[in-house]
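Colleague: When you get a sec, could you give me coordinates for this:
(one chain, ligands or ions: 1)
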Amino acid sequence: MSPRTLIRDATVVLPGEDARTSVLLDGGRIAAIDAAPHTRADEVVDAAGLHLLPGVIDDQVHFRDPGLTHKEDLRTGSMACAAGGVTSFLEMPNTVPQTVTVDALAAKLALASRRCVVNYGFYIGATTDNLAELQRAGRTPGVATPGIKIFIGSSTGNMLVDDQERLEEIFAETTLPITAHCEDESTVRANRSRLEARGPLTVHDHSRIRDHRAAVTATRRAIDLAVRHRHRFHVLHVSTAEEVGILAAHHDLVTAEACPHHLFLDTSDYGRLGTLAQMNPSLKSPEDRAALWQGLRDGALQIVATDHAPHTLEEKAAAYPASPSGVPAVEIVLPLMLDRVNRGACTLQDLARWMSDGPARIWDIVGKGRIAEGYDADLVLVDLSLAREVRNEEQITKCAWSPWHGTTLRGWPVRTWVGGRTVFARGAHGTGGTDASGGAGTPHSAHARNTNPAFVETMPVGGEITFDHARGGYWATEM
Ligand code: DOR
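Modeller: Got it, this is the predicted structure:
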């Protein structure tokens, strides 16, 4: 059982207002807000001067497990989540084997139940010939998934589906929500051949190969499919101003997200970071970056997600274009955003909407994403005044680097609860593991109909939480 915990005197980010109050956690849920200061509890946390937010829900991570676990695994990826205040993640199918069958999905869920310290869910990936599996995934009891991932544009893992007939079939004949990586393959190939003809490629060419046109063409194409088939659709990692404009017109059926690398970096960072700034979709201009922030403020983009995509430093050191695309971010996304709050560029209410309530609504994750009575006790306590430098050697992610190495950020998580149990605490005492039961999916709008309930699972983590001095926090012991 999760302990009865009183978090006293925090500034609590409630739906619509921040309030200085106390929150009681019991039985894995938020039992009371504005609890009496002397309520009986197993632990009282004095949170004066700190802010309590709903745990972050990250709807796009690549945790490489099974098959590519030299880069990351579900244990290290979920521990990095805990340190970053991410209490639920949805993971992508480009593992080895790929998650493209109901059996592979079931195997991944079983693996996660043993390895994860935060809540998890897994997409099923589309291929050119797995329609029956995509259909089955929507109605197989006990093997739940938030939706179908399509790579309409190739990236890590050879999962490209860009044949129009196949795409029509998937949008027409499946019921789960669809999400996609949108970069137009023929544009990418044509750009690449043109540039290769001029001489050896450098990493600066990555944004010329995967250019604006590639992103916009594929996003338009995918939205057209969603609209014609009236299929609930979410655009992953939007990178251009033009896509933001297109998305503003399709609110009812199509949702979209921005990632920290596109929000905080741009093409001017290649000189400094080299291939550490290489990801798909590529970095764009400072003007695109500004348009993404505006899109979040206007609601054309609803959420922030990481696209956490770890590769080792050795792999990233290969000469472009042999270097792999992707950057890690789950443990750094919240500090990056809190730093923006400290600079007055957005509010904690914005963060709660973009990073917790928004993803819960988009993916129909009931009982998560808000600090409200009866909701799951998935929470993160942050210290807005704490300034720390991001250091590669302190990263929990197995790849052990960050594009923000050397950057000082103000605003860091100090403690994270999943289902009322502490999964991370910075230099303070904590107890627990995680064992509550997961949320269940229900529709949040006429178009957002997830027919597959309970796709976000909360895992039982056995053993004690022990303090790890090297990592500066409390961690569940290995099982
Ligand atoms: O840069 C990326 N890396 N983008 C993706 O879509 C996939 C990811 C990966 O898995 O490495």
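
Colleague: Could you list the residues of the chain in contact with the ligand?
Modeller: Within the chain, the positions adjacent to the ligand are His62, Asn94, Ser155, Thr156, His181, Met279, Asn280, Asp307, Ala309, Ser325, Gly326 by C-beta under 6 Å from any ligand atom. For glycine as for every other residue, the C-beta is placed from the backbone atoms N, C-alpha and C.

Colleague: And those, which two are furthest apart?
Modeller: Comparing all pairs in the residues of the chain next to the ligand by C-beta to C-beta, the longest separation belongs to Asn94 and Met279, at 13.7 Å.

Colleague: follow-up on the earlier one: mind checking which of the residues of the chain next to the ligand are in strands?
Modeller: His181 (DSSP state E).

Colleague: Out of the residues of the chain next to the ligand, the closest to Leu201 would be?
Modeller: Ser325 (13.5 Å).

Colleague: quick one on the thing from earlier: more crowded one of Asn94 and Met279?
Modeller: The residue with more neighbours, out of Asn94 and Met279, is Met279; 27 against 23, by other C-beta atoms under 10 Å.

Colleague: And the pLDDT at the more buried one?
Modeller: Met279 carries a pLDDT value of 98.

Colleague: That one and His62: what is the separation?
Modeller: 11 Å (C-beta to C-beta, to the nearest Å).

Colleague: which residue is nearest the middle of the chain?
Modeller: In the chain, the C-alpha nearest the mean C-alpha coordinate belongs to Asp58, at 2.4 Å (C-alpha atoms, centre = their mean).

Colleague: is it fair to say that residue lies in a helix?
Modeller: No - going by DSSP: H, G, I helix; E, B strand; the rest coil, the assignment for Asp58 is strand, not a helix.

Colleague: returning to that earlier point: just the buried subset of the residues of the chain next to the ligand, please.
Modeller: His62, Asn94, Ser155, Thr156, His181, Met279, Asn280, Asp307, Ala309, Ser325, Gly326 (16 or more other C-beta atoms under 10 Å).

Colleague: low pLDDT regions in this structure?
Modeller: 1, 427-479 (pLDDT under 70).

Colleague: helices or strands next to the longest helix anywhere in the chain in the packing?
Modeller: Across the chain, the longest stretch assigned as helix under DSSP state H is helix 212-229. Counting contacts by 3 or more C-beta pairs under 8 Å, 6 or more residues apart in numbering; DSSP states H and E, helix 212-229 packs against strand 148-152, helix 164-173, strand 178-182, helix 185-198, strand 233-235, helix 241-248, strand 254-258.

Colleague: What's the local residue count around Thr312?
Modeller: Other residues lying near Thr312 total 15 when counted by other C-beta under 10 Å.

Colleague: residues contacting Ala305?
Modeller: By C-beta atoms under 8 Å, 6 or more residues apart in numbering, the contact list for Ala305 reads Asp58, Asp59, Gln60, Leu236, His237, Glu257, Ala258, Cys259, Pro359.

Colleague: got the phi/psi numbers for the closest residue in space to the fifth one that isn't next to it in sequence?
Modeller: Distance criterion C-beta to C-beta, 6 or more residues apart in numbering; nearest residue to His237, sequence neighbours excluded, is Cys259 at 4.7 Å. Here is the backbone geometry of Cys259 (degrees, to the nearest 10): phi -110, psi 150.

Colleague: Could you do the one 5 residues further on as well?
Modeller: When read as degrees, to the nearest 10, the backbone of Phe264 gives phi -110, psi -10.

Colleague: so it sits right up against Asp339, yeah?
Modeller: No - look at Phe264 against Asp339 with C-beta atoms under 8 Å: they stay out of range, at 9.3 Å.

Colleague: related to what we said a few turns ago, do you know how far the residue nearest to His237 is from Leu292?
Modeller: When distance is defined by C-beta to C-beta, Cys259 is 9 Å away from Leu292.

Colleague: cool, Asp46 as well?
Modeller: From Asp46 to Leu292 the distance is 38 Å (C-beta to C-beta).

Colleague: Who has more neighbours out of these two?
Modeller: Leu292 (27 against 11).

Colleague: Skipping its backbone neighbours, what lies nearest that one in space?
Modeller: Using C-beta to C-beta, 6+ apart, the closest residue to Leu292 is Ala258 (4.5 Å).

Colleague: Would you state the strands of the stretch 301-450 of the chain in chain order?
Modeller: Taking DSSP state E, counting those that start in this stretch to define them, one finds strands in the stretch 301-450 of the chain at 303-304, 379-389, 408-418, 421-425.

Colleague: Starting from the ligand, give me the distance back to Pro403.
Modeller: According to C-beta to the nearest ligand atom, to the nearest Å, Pro403 stands 12 Å off from the ligand.

Colleague: ditto for Phe122
Modeller: 14 Å.

Colleague: Look at that residue and say how many residues are nearby.
Modeller: 30.

Colleague: how far away is the residue of the stretch 251-400 of the chain found nearest the ligand from Tyr123?
Modeller: Nearest residue of the stretch 251-400 of the chain to the ligand: Gly326, at 3.1 Å (C-beta to the nearest ligand atom). Distance, Gly326 to Tyr123, using C-beta to C-beta: 17 Å.

Colleague: again with Ser22
Modeller: In terms of C-beta to C-beta, Ser22 sits 38 Å off from Tyr123.

Colleague: Looking at these two, which is more packed in?
Modeller: A count of neighbours by other C-beta under 10 Å puts Tyr123 above the other of Ser22 and Tyr123, at 26 against 22.

Colleague: quick one: contacts for the more buried one?
Modeller: Contact analysis of Tyr123 by C-beta under 8 Å, 6+ apart lists Leu90, Glu91, Met92, Pro93, Thr99, Thr145, Pro146, Gly147, Ile148, Lys149, Thr179.

Colleague: Nearest spatial neighbour of it, chain-adjacent residues omitted?
Modeller: Using C-beta to C-beta, 6+ apart, the nearest residue to Tyr123 is Lys149, at 4.1 Å.

Colleague: which residues does that neighbour bridge with?
Modeller: Beta-bridge partners recorded for Lys149 (DSSP bridges): Gly125, Thr179.

Colleague: thought it was touching Pro93?
Modeller: Yes - if you go by C-beta under 8 Å, Lys149 and Pro93 touch, sitting 5.5 Å apart.

Colleague: okay, and the common contacts of those two?
Modeller: Tyr123, Ile124, Gly125.

Colleague: Name the nearest of these relative to the ligand.
Modeller: Distances from the ligand to the shared contacts of Lys149 and Pro93, taken by C-beta to the nearest ligand atom, are shortest for Gly125, at 11.4 Å.

Colleague: quick one, what contacts the closest one?
Modeller: Gly125 neighbours (C-beta under 8 Å, 6+ apart): Met92, Pro93, Asn94, Gln98, Thr99, Val100, Ile148, Lys149, Ile150, Phe151, Met159.
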